[in-house]
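Participant: sharing a model that was predicted from the sequence below.
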Amino acid sequence: MARRRSDAAPIGPIVSEMPRVPWKLVVLVLMEALLACAGVYALGHIVKAYVRWGYPPWAHFAAGALFLSAAIFLPLRRTRWLGAILGGCVAAPAAMSCALHGDYSHAVQGLMIIALIVWLARDRPTAAAV
C-alpha cells in the first residue's frame, strides 16, 4: 500500500531542532581555512617574503598548518576556546611581522582574524547556539 502525503512525518520539528550557528563563527572558520590554504599553497612572492624577512623557507607550511588546526577547533563548542587562542596566537605575530616589514595589505588579514576572535569571544552562548 502506497503512503499518502498526509502520512509522512512532518518536516517542521526536524528543522526547528537544528542548531543555529553564529554567522561570526562561520566567517572566522572560513577566514582561518582560507589562510591555511594560502599558507600551505603559498605563492612564490609570499615564500620570498618569508625568506627576505629571515624566516626559514618552510615557515609558510607551519603557519598554514596552525591556521588549519584553528579552523578545525573553532566549530566545536568544546574546542572553540582552543581554536580561538591558537588562531589569535598565529594571527597576531603574522600581522605584526607583515606590518613591521611594510606589507600592510597582508597585516589587515591577521588583524581581521583577531577582531573576529575577540568579537566571537564576547558573545554569550545561547541555548540554540552550537
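Facilitator: Received the coordinates, thanks.

Participant: could you confirm residue 77 falls within a strand?
Facilitator: No - looking at residue 77 with DSSP: H, G, I helix; E, B strand; the rest coil, it is coil, so not inside a strand.

Participant: pLDDT at it, what is it?
Facilitator: Note on residue 77: pLDDT of 79.

Participant: try the one 4 residues further on
Facilitator: On pLDDT, residue 81 comes in at 85.

Participant: next one: residue 93
Facilitator: 90.

Participant: same deal with residue 96?
Facilitator: On the pLDDT scale, residue 96 gets 92.

Participant: and it, that's in a strand?
Facilitator: No - assigned with three-state DSSP, residue 96 falls outside any strand and is helix.

Participant: so who does it touch?
Facilitator: The contact partners of residue 96, by Cβ atoms under 8 Å, 6 or more residues apart in numbering, come to 107, 110. For every residue, glycine as well, the C-beta is placed using N, CA and C.

Participant: gap between it and residue 106?
Facilitator: 11 Å (Cβ to Cβ, to the nearest Å).

Participant: residue 98 too?
Facilitator: With distances taken as Cβ to Cβ, residue 98 is found 4 Å from residue 106.

Participant: next one: residue 70
Facilitator: Remark: distance between residue 70 and residue 106 (Cβ to Cβ) = 17 Å.

Participant: same question, residue 90
Facilitator: Taking Cβ to Cβ, one finds residue 90 at 13 Å from residue 106.

Participant: same question for residue 66.
Facilitator: Counting by Cβ to Cβ - residue 66 and residue 106 are separated by 16 Å.
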